[in-house]
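In: Next comes the sequence, and after it the predicted model I'd like to discuss.
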There are 2 protein chains.
Amino acid sequence: MTLADANDYCPGISLDCVIFGFHEGRLKVLLNKFSRYTKWMLPGGFIYKDEHVDAAATRTLVNRTGLSDVYLRQFYLFGDVNRTNMDENEDMLIRQGFSKDDEGVSKWFLQRFFSIGYYAFVEYGKVEAHSAMDEEVAWFGLDHIPPLYTDHNHIIDKAIATIRSQLNSIPIGYELLPEKFTLTQLRIIYETLLDTKLDRRNFQRKILSTGLVYKSDEVYKKWGQKSSALYSFDKDKYQDAIKNGISIF
Amino acid sequence: MTLADANDYCPGISLDCVIFGFHEGRLKVLLNKFSRYTKWMLPGGFIYKDEHVDAAATRTLVNRTGLSDVYLRQFYLFGDVNRTNMDENEDMLIRQGFSKDDEGVSKWFLQRFFSIGYYAFVEYGKVEAHSAMDEEVAWFGLDHIPPLYTDHNHIIDKAIATIRSQLNSIPIGYELLPEKFTLTQLRIIYETLLDTKLDRRNFQRKILSTGLVYKSDEVYKKWGQKSSALYSFDKDKYQDAIKNGISIF
DNA sequence: AAATAATGTGTCGCTATGACGCAAATATAC
DNA sequence: GTATATTTGCGTCATAGCGACACATTATTT
């Protein structure tokens, strides 16, 4: 944000997006970092005074990924008094070249913030990780997330816990995978989020029995040992399933 | 609230509680109403500047029901720009005897509000519906909820939808029912929230197979035709089940 | 005395599920 | 070149759980 805009935003409230992608057999999240600050953070933003919260989240996502029309859901409001660490914020401001005596900057950043958590599923290959002015953007595997700004590690954990509990009714594969994918890739997503191993054969039977997925004529050869079949989602059936509530697991 | 306190609260954000109780075979929600205003509303409040959001919700609940130590969960942030209807708010203020020219009152109430939705399960019999100064408090069956203040009908709907989707992992019976209860009472709760009829015999088999419930020596006679057995929750097993994630349905 | 309504205790058949077997295709090791 | 490991495709089999339903029992209503 440009600090001049501060008056256009709702005070004391921000939003943070946990953006999931799937690449090289791993679930990853998109993080960014102010170039002169040490800590990575979730892509986030503020809400214009006349803007719907969901619209603000969509705007944040478009800015960072170039993608609109993405599966994006609000999942929790983080309202701990101590989640905003004033010392940490001051440190960040100074490193970014601001003076803490600057009234406008201090008043805006050195206050208590609520943060609205959103999670998003994007197709990794379609993302063009936009770096804003003085920002870096990068993907991090779930196992390799560094200590983040304020409670952002906690926000990611909560997002994963939420997704896990809703896995039955979330079209997660459809959103994360490319049009053609192997059932192993789909299984890895579920295994990662559920933190268990799933029997390969039983998983296939269950997925195929939903009828939401059909075998394409193409084959995936690059990887591993034996070439594997590529599948696609039946988009119509998928839309129906979401409306009427799907139950995969 | 006393309006003099406005400066102690976080601006632009409020919270609303959907408080569920079970009485006479029906699920009900607790609503209140300013005596001189026409519309009923969800019990709600504001958040002190140094107060955790959950603490503010607990405080609201204690005020209205006299109950602490209640199952209370945040479920959604309502952030539509138009959810706060300024005309409606002004009407309410005037009916309550305030002048719209009163700077303090207007500035506080005639602004955009976010609202954090909480739902709670309470034991109906333990509630002493406290009426504050000029408030009425009453229970309403889910089928008989009148048009409420702003988007409060929508908030209730969203609460029910959320609970419904989490019914597997929520200890709803334990929280809503008295210590001894019949399995029919428990079944009605599930039937109401799922909006379906459940086969009485299959339901019993399933509930008993969880081992979370045991038959007490007492019998419930008052109602219906045949006296029915009273059951209780095994509290230890219940605590374990919540920790490790229960799955009832 | 008959009708109504709710409860306790089952049965029965089907399906989904979890556990596992085995051959085929590819890569790496010796 | 042969052996070994890994991953895929396509199965089997026994069991637990589930939906549907039967029937006697108890109590209230008419």
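Out: Thanks, I have the structure now.

In: who's sitting farthest from the centroid in chain A?
Out: What lies farthest from the middle of chain A is A:Asp101; by C-alpha atoms, centre = their mean that is 34.8 Å.

In: any idea how far A:Glu51 is from B:Asp87?
Out: Noted for A:Glu51: a distance of 21 Å to B:Asp87, by C-beta to C-beta, to the nearest Å. Every residue, glycine included, has its C-beta placed from N, CA and C.

In: let me redo that: A:Ile94
Out: 46 Å.

In: The residue nearest to A:Tyr124 when sequence neighbours are not counted pairs with what?
Out: Leaving aside its sequence neighbours, A:Tyr124 sits nearest to A:Gly21 (C-beta to C-beta, 6 or more residues apart in numbering or on different chains; 3.8 Å). Beta-bridge pairing of A:Gly21 under DSSP bridges involves A:Lys28.

In: Now do the contacts for A:Gly21.
Out: A:27-30, A:121-124, A:127, A:139, A:176 (C-beta atoms under 8 Å, 6 or more residues apart in numbering or on different chains).

In: The same query, at a cut-off of 6 Å, please.
Out: By C-beta atoms under 6 Å, 6 or more residues apart in numbering or on different chains, A:Gly21 lies in contact with A:28, A:122, A:124.

In: Which of these ranks first by neighbour count?
Out: When neighbours are counted by other C-beta atoms under 10 Å in any protein chain shown, A:Val122 leads those with 22 neighbours.

In: And that residue, its phi and psi?
Out: Dihedral pair for A:Val122: phi -130, psi 160, per degrees, to the nearest 10.

In: how far away is it from DNA strand D?
Out: According to C-beta to the nearest atom of the strand, to the nearest Å, A:Val122 and DNA strand D sit 23 Å apart.

In: what does A:Lys206 give?
Out: Distance, A:Lys206 to DNA strand D, by C-beta to the nearest atom of the strand: 11 Å.

In: Could I get the phi/psi values of that residue?
Out: The phi/psi pair for A:Lys206 (degrees, to the nearest 10) is phi -70, psi -50.

In: helix, strand or coil for the residue nearest to it when sequence neighbours are not counted?
Out: Leaving aside its chain neighbours, A:Lys206 sits nearest to A:Ile248 (7.4 Å; criterion: C-beta to C-beta, 6+ apart). Following DSSP: H, G, I helix; E, B strand; the rest coil, we place A:Ile248 in the coil state.

In: Mind pulling up the pLDDT for A:Ile248?
Out: pLDDT for A:Ile248: 72.

In: Same question for A:Thr2.
Out: Per the predicted model, pLDDT is 53 at A:Thr2.

In: And A:Tyr118, by the same measure?
Out: pLDDT recorded at A:Tyr118 is 98.

In: isn't it right next to A:Leu77, touching?
Out: No - between A:Tyr118 and A:Leu77 there is no contact under C-beta atoms under 6 Å: 10.7 Å.

In: Are there residues contacting both of these two? Which ones?
Out: Joint contacts of A:Tyr118 and A:Leu77 (C-beta under 6 Å, 6+ apart) do not exist.

In: Between the two, which has more neighbouring residues?
Out: More crowded of A:Tyr118 and A:Leu77, by other C-beta under 10 Å: A:Tyr118, with 27 against 22.

In: what lines up beside whichever strand or helix holds the more buried one in the sheet?
Out: Secondary structure assignment for A:Tyr118, by DSSP states H and E: strand A:114-121. Using DSSP bridges, strand A:114-121 pairs in its sheet with strand A:9-23 (parallel), strand A:71-78 (antiparallel).

In: Quick check: mean pLDDT of the first one?
Out: Computed over strand A:9-23, the mean pLDDT rounds to 96.

In: go on, stretch A:152-172?
Out: Here the average pLDDT along stretch A:152-172 is 93.

In: And for stretch A:51-58?
Out: Stretch A:51-58 shows a mean pLDDT of 98.

In: Say whether chain B is contacted by that stretch.
Out: Yes - applying C-beta under 6 Å from any C-beta of the partner chain, one finds stretch A:51-58 in contact with chain B at A:52-53.

In: follow-up on the earlier one: what's the strand holding A:Tyr118 in contact with?
Out: Outside strand A:114-121, the residues within contact range by C-beta under 6 Å, 6+ apart are A:13-20, A:57, A:61, A:70-79, A:155, A:159, A:175-176, B:77.
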